[in-house]
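Q: prediction below, plus the sequence it came from.
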Amino acid sequence: MHIPDGYLSPQTYLPLYGVSVAFWSAAMRWIKKELSVRQIPYLAMSAAFSFLIMMFNVPIPGGTTGHAVGAGLIALLLGPWAAVIAVSVVLIIQALVFGDGGVTAIGANCFNMAVVAPFVSWWVFRLVRRGSEDKKRIYLAAFLAGYIGLVVAAAAAGAEFGIQPIIAKGADGLPLYAPYPLSVAVPAMVLEHMMAFGIVEGLVTAGVIGYFIKNEKGLVAALNR
């Protein structure tokens, strides 16, 4: 899901930089106000986990990659605002140090994986759980939170690719950036994540949340707000 340089037009990546900066600013204020000292080590470990799981990249037709992210898990453990910072830090390091994702696309990648995925996962969990304390329902909610959060993030990336032929054409009418229309880009991104990476994301999310329920239930933000 890492978008490289040269696939998004300035009309796309500049606004997404602005949106991501706004979320980073709000997330930093939230962390300073809401995150406890006890949770800070978990924030660092969550970022390290996200970095590790995102290193298992599988190329997807169109110039991007498919992989799990861990954003939903971080959102459920520490809250979606904490996930914004943890996943964004990972994505920025990957782009600047490892060349995984373009520098111009940092805003877009952070929007998809560090904003869309955590907040979708957070609300899916709350909607499915509906305050229930039944463990099976909580595990199901956690799985669906990770799964749907990642799939929606993939759809956002596909949409960003797909609008390029519409908004950025040369004098000859040919696309200047990503050449695939929405009818190709969105299914290519979504189907891969629905059939493989989303399942991994969901299983990891449910498994880790299950561990915390048994051992440190008080640290799971989604169960205590």
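A: Arrived safely. None of the values given here were measured: they were computed from a predicted structure. Numbering: from 1, shown residues only.
Q: give me the pLDDT for residue 122.
A: Note for residue 122: predicted pLDDT of 97.
Q: so how far is the helix or strand containing it from its chain's centroid?
A: In the assignment (DSSP states H and E), residue 122 maps to helix 117-129. Remark: helix 117-129 is offset 13 Å from the chain centroid, using CA atoms, centre = their mean, to the nearest Å.
Q: go on, stretch 147-164?
A: 10 Å.
Q: hang on, the earlier thing: neighbouring contacts of the helix holding residue 122?
A: Under the contact criterion CB atoms under 8 Å, 6 or more residues apart in numbering, helix 117-129 has outside partners 69, 71-72, 74-76, 79-80, 83-84, 87, 137-138, 140-142, 144-146, 148-150, 152-153, 205, 222. Glycine gets a C-beta too; all of them are placed from N, C-alpha and C.
Q: which residues of this protein score low on pLDDT?
A: 60-65 (pLDDT under 70).
Q: where along it do the strands fall?
A: Taking DSSP state E as the criterion, the chain carries its strands at 58-60, 64-66.
Q: in helices, which of the contacts of helix 117-129 appear?
A: 71-72, 74-76, 80, 83-84, 87, 137-138, 140-142, 144-146, 148-150, 152-153, 205 (DSSP state H).
Q: show me how to select, in PyMOL, the buried members of those.
A: The PyMOL selection below is limited to those of the ones in helices among the contacts of helix 117-129 classed as buried (16 or more other CB atoms under 10 Å):
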select buried, resi 71+72+74+75+76+80+83+84+87+138+140+141+142+144+145+146+148+149+150+152+153+205
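Q: isn't residue 12 right next to residue 108, touching?
A: Yes. Judged on CB atoms under 8 Å, residue 12 makes contact with residue 108 at a distance of 6.8 Å.
Q: in terms of neighbours, single out the busier of these two.
A: Taking other CB atoms under 10 Å, residue 12 and residue 108 do not tie; residue 108 has more neighbours (28 against 24).
Q: how about the helices of the chain, start to end?
A: Counting by DSSP H, the helices of the chain are 10-34, 40-54, 71-78, 80-97, 106-110, 117-129, 135-162, 164-167, 182-192, 198-215.
Q: contact partners for residue 95?
A: Here residue 95 is in contact with 2, 101-103, 105-106, 109 (CB under 8 Å, 6+ apart).
Q: would JSON lines of the helices of the chain with distance to residue 173 be doable?
A: Output for the helices of the chain, formatted as JSON lines (distance: least, CB to CB, whole Å):
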{"stretch": "helix 10-34", "distance to residue 173": "17"}
{"stretch": "helix 40-54", "distance to residue 173": "37"}
{"stretch": "helix 71-78", "distance to residue 173": "38"}
{"stretch": "helix 80-97", "distance to residue 173": "32"}
{"stretch": "helix 106-110", "distance to residue 173": "25"}
{"stretch": "helix 117-129", "distance to residue 173": "35"}
{"stretch": "helix 135-162", "distance to residue 173": "17"}
{"stretch": "helix 164-167", "distance to residue 173": "10"}
{"stretch": "helix 182-192", "distance to residue 173": "17"}
{"stretch": "helix 198-215", "distance to residue 173": "36"}
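Q: among the ones you listed, which is the most enclosed?
A: helix 71-78 (a mean of 31; mean count of other CB atoms under 10 Å).
Q: angle of that helix against helix 40-54?
A: For helix 71-78 against helix 40-54, the angle by axes from the mean of the first three to the mean of the last three CA atoms, to 10 degrees is 170 degrees.
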